[in-house]
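> Quick one: sequence plus predicted model below, questions after.
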Amino acid sequence: RLVVIARYTPGPAARADTGRDKAKGVRALTIDAPGCGAPGGGGSPGGGGTAPGGGGTTTPPTDPENFNVIPPASPYTGAPINAANADRCDFLDAAVCLQPWPNDYFTVEDTSADTGRRINLNLLSMPRNAPVGLGIPLKPIDPTDHNRADGFSPGNLIVTKVPGLETQPAFEQNGLVSIDHPERYDDPDQKVVVINADTGERHPVWAEIDSNPPDPADVNLIIRPLENFDEGGRYVVALRNLVDEGGDPLQPADAFRAYRDNLTTSIAPLEDRRPHMEELFEILGDSQIRRSELYLAWDFTVASEQSLAGRMLKIRDEAFAGLPGGGDTNLADGLVQGGPPQYTLDAPTDFTVAEDSRIAREVTGTMTVPCFLVPSCAPAGGSFNNATSPDGVPAQNGTTTFTFTCRIPRATLNGPIATGVRPSLYGHGLLGSGTEVRGGNISAMAFEQQMMMCATDWYGFATQNIANIVAILQDLSLFPLLVDGSQQGFLHFLFLGRAMIHDEGFTADAAFQDGGGDSVIDTSALYYDGNSQGGILGGSLVAVAPDLQRGVLGVPGMNYSTLLRRSVDFEPYAEGQFGDTVGGEIEDAICDQAADIPQAALSAFVVGLCVAGVGTLPNDTPLGLYDNYPDELERPLILSLIQMLWDRGEANGYAHHMTSDPLPNTPPHEVLLHAAFGDHQVANVTAEVEARTIGASIYQPALDPGRHWEADGSTEIFGIPAIGSFPFNGSALVYWDGGPLGYDDPVDADMDPDGTATPPNGNVPPRPEDGYGADPHSYPRDDVKARAQKGAFLSPAGTVRNPCTTTNNVIAPPMPIAFETGAPIPCYANNWFGPP
């Protein structure tokens, strides 16, 4: 009797139980050796392989210890195998040149790289744009910046075309691991597996078919990690025993069959690769994946820490070392050394009680920071100054300035300016600006929790950068404008934070002092609070921040290659609907910045649209991403390609180091994730992947039974351990639920609809017009209990407290919020108090 032990441990240090079906994180898979027990029966056939399958347990193999039986060599006699472009395309998936993806076939050996490999994408293999009427040349995406990486994204979506597996019935016929059945990833007969080549263990993943293309011919199979892949790790993807929706076996491509069945050919590229494929079969065999049952297999290497975060760490360390007074070179010790950044302040605005009963003063100013972009750090911006480094390690290019806004609360309602306020950076939402710190819920947070909120633009991904965004949508070769700009923007936040807590910084200026000349700021610690885009980019900011140890990520997620197609926010940018659909500040910004778009012909085109519309745009323009990249079959690949670069500027590339395993010269951190259940803008599934990757625990009961998309109806969330007791020291995920469909808010009678449906399982957004109800995106920050929980976390001895109890489950809970009083219940918001 052979017992195989498979262990899955989520997150970095102190990784706890993976959840239900994994007692103490261990699952034993038992296989009977011949003669030791009866074969399984009573189930559907295994399909697609050479041996029959059973429903309960699998039919025992003849030799359970050898899963890589190498067939006798024989000549290949099938249809011709097309390997004409084997120097730049993988012949294992003829549908798309760069598929299957990600794929070490598109890497080369590089002993200087931390992983020992380097990405090697050919320009002619890259997806091409097809702009219509914009005066822009058709061109492939420039892979120069991709080829600087030593591996693929740690959150890489895995994609390949499987003819016959292009519909939901076919997907279900195969019983593939899915978003609603994540526990299936380690089923003994699971047909989609991803193996860690170093450990032989299965990595937790889920699979889905692309729900977007109307034509099955354009539908790919997509596989996504439930927890990010290890930096520098190597993984083997295996598809086996696949069937179509009628249950008939799917046959592998002839090129792969030649490898699997040991069929020799006279095709040099195919034979040159054969030793590598034999190595993969051996790895899979050691992990009990039978060679004869394979439909397809390939491998990929994940980028290293240095490849992902090295650029940001370089500009951070160099900038802080260049501060006055000798600078600060030890950023991990928590000590503020050297002088503060240079800044100037505008005259402060002291509000009357009539103007603002909660905020006493607003201070604005301008700060100087090193610039690492060329040609400059102007709003239209540029990309990293790599002239002196072929590996993309940026060099300084002078300095630039940025504006900031700080808001100081009153001590009491209608009272004087508060003192001893805790300083917090605030991160704004999608393509917004630092002035969002003036929002009502941010003012409420500042007042209730006695915090000074300071904000600046997410330079690179803010309203001021909209000209770059429009250009990128037409030509993804320009994507470094966004991601390099975002890293420059992180530096702006870090300098602002240093000034907030430096003894010679804000605290020494009269604008941040009370009437007696005493500072109103408690400079003992700095914090971070951000929402939406501020919850996504905020994760990477926290990971590299030297001056803060705790941050709140509001309505968070990570990995834009997963987020975009699940967000209602992305659709207008995909379709070019910049008029009535987006409208407002974004439409105004496009017209205001049209002359700054860094492509002359495109700039002239957009200027013409705005002139014709007298400063407005038609609702449907040819400026969307899908207008310019119309091949639906390539779109998952395209999103994955840009994610490789985006990792450098969002949480996905930093998640492994966000908490207990800090980056070099960086202190450890803790984060509190506040998710709005059913969020229409930031998909909850990405917050869960983030929680697993960073080693966070989850508040339980997370939701009411049956509310979550996991099919078992439990309140437990796969792979995320429950918080055991309160107060809780560590990082945590908390869901806030504004009620299901059919809920009628008794306070806001005009709101229609009130409740929110469970999000769809497919890679599509939960559109209100499709029956998914109200968008709960703002519910957590609008809830006084959530703000109280954030305030308790963002404090010198901060912990996660529980405000979600029967005592506080009323429209106006007693203030201040009493934690852990009454029975624990799900965290409700939006005046929803749970089912009757």
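Noted; the coordinates are in hand.

> With residue 243 as the reference, measure out to the closest residue to residue 654 other than its chain neighbours.
Nearest residue to residue 654 in three dimensions, chain neighbours excluded: residue 543, at 3.8 Å (C-beta to C-beta, 6 or more residues apart in numbering). The C-beta positions use only the backbone N, C-alpha and C, and glycine is treated the same way. Separation of residue 543 from residue 243 (C-beta to C-beta, to the nearest Å) stands at 43 Å.

> Span of stretch 212-223 from start to end?
Using C-alpha to C-alpha, to the nearest Å, one end of stretch 212-223 lies 15 Å from the other.

> tell me how far it is from the chain's mean position?
22 Å (C-alpha atoms, centre = their mean, to the nearest Å).

> Averaged pLDDT, that stretch. What do you get?
Stretch 212-223 carries an average pLDDT of 98.

> Identify the residues contacting it?
Contact with stretch 212-223 is made by 95, 99, 157-162, 165-167, 192, 194, 205-210, 237, 239, 565, 631-633, 635-636, 763-764, as judged by C-beta atoms under 8 Å, 6 or more residues apart in numbering.

> Please identify the buried residues of it?
If you call a residue buried by 16 or more other C-beta atoms under 10 Å, then stretch 212-223 has these buried ones: 212, 218, 219, 220, 221, 222, 223.

> Bridged to the residue nearest to residue 507 when sequence neighbours are not counted, which residues?
Leaving aside its chain neighbours, residue 507 sits nearest to residue 519 (4.0 Å; criterion: C-beta to C-beta, 6+ apart). Residue 519 has the following beta-bridge partners by DSSP bridges: residue 513.

> was I right about residue 519 contacting residue 513?
Yes: at 5.4 Å, residue 519 and residue 513 qualify as touching, with contact defined as C-beta atoms under 8 Å.

> if I look at the two, which residues touch both of them?
By C-beta under 8 Å, 6+ apart, the residues touching both residue 519 and residue 513 are residue 507.

> how about low-confidence regions in this structure?
Along the chain, the model assigns pLDDT under 70 to residues 1-65, 387-391, 749-752.

> change it to 50
Within the chain, the ranges that satisfy pLDDT under 50 run 1-62.

> most residues in a single helix of it, which one?
When the chain is parsed with DSSP state H, its longest helix is helix 480-501.

> could I get the helix or strand following that helix in PDB with only the CA atoms?
Counting by DSSP states H and E, the next helix or strand C-terminal to helix 480-501 is strand 526-531. Presented in PDB, the C-alpha positions along strand 526-531 are these (Å, rounded to 0.1, in the frame of the first residue of the first chain):
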ATOM      1  CA  LEU A 526       4.000  56.300   9.900                       C
ATOM      2  CA  TYR A 527       1.000  54.400   8.400                       C
ATOM      3  CA  TYR A 528      -0.600  53.700   5.100                       C
ATOM      4  CA  ASP A 529      -4.300  53.600   4.100                       C
ATOM      5  CA  GLY A 530      -5.500  53.300   0.500                       C
ATOM      6  CA  ASN A 531      -8.500  52.300  -1.500                       C
END
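
> who does strand 526-531 touch, helix- and strand-wise?
Packing partners of strand 526-531 (3 or more C-beta pairs under 8 Å, 6 or more residues apart in numbering; DSSP states H and E): strand 422-427, strand 451-455, helix 480-501, helix 533-544, strand 548-554.

> 7 Å instead, please
strand 422-427, helix 480-501, helix 533-544, strand 548-554 (3 or more C-beta pairs under 7 Å, 6 or more residues apart in numbering; DSSP states H and E).

> Count the neighbours of residue 665 for me.
Neighbourhood size, residue 665 [other C-beta atoms under 10 Å]: 16.

> before we move on, back to that, number of residues surrounding the residue nearest to residue 507?
18.

> May I ask you to confirm that it is in contact with residue 509?
No: contact criterion C-beta atoms under 7 Å: residue 519 and residue 509 do not qualify, at 8.8 Å.

> Mind checking which of the contacts of stretch 212-223 are buried?
So, by 16+ other C-beta under 10 Å, the buried ones in those are 95, 99, 157-162, 165-166, 192, 194, 205-210, 237, 239, 565, 632-633, 635-636, 763-764.

> Of the residues you listed, which belong to helices?
Using DSSP H, those in helices are 635, 636.

> Which ones among the buried ones among the contacts of stretch 212-223 map onto strands?
158, 159, 160, 192, 194, 205, 206, 207, 208, 209, 237, 239 (DSSP state E).

> Make TSV from those residues and add distance to residue 464 to it.
Below are these laid out as TSV (distance: C-beta to C-beta, whole Å):
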residue	distance to residue 464
158	36
159	34
160	40
192	43
194	40
205	38
206	37
207	40
208	36
209	39
237	41
239	45
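
> from those residues, which is closest to residue 611?
residue 159 (41.4 Å; C-beta to C-beta).

> Return the distance of the closest one relative to residue 592.
38 Å.

> Residue 729 contacts residue 801, doesn't it?
No: Residue 729 is beyond contact range of residue 801, at 11.2 Å (criterion: C-beta under 7 Å).

> between these two, which one's more packed in?
residue 801 (18 against 10).

> Contact partners for the closest residue to the more buried one other than its chain neighbours?
Spatial nearest neighbour of residue 801, excluding adjacent residues (C-beta to C-beta, 6+ apart): residue 819 at 4.0 Å. Residues counted as contacts of residue 819 (C-beta atoms under 7 Å, 6 or more residues apart in numbering) are 726, 792, 801, 802, 803.

> mind listing the strands for the stretch 301-450 of the chain?
For the stretch 301-450 of the chain, strands defined by DSSP state E, counting those that start in this stretch occupy the ranges 343-345, 349-350, 359-370, 373-374, 383-384, 399-409, 422-427.

> Same question for the stretch 101-250 of the chain.
Counting by DSSP E, counting those that start in this stretch, the strands of the stretch 101-250 of the chain are 107-109, 117-119, 158-160, 192-196, 205-209, 221-225, 234-240.
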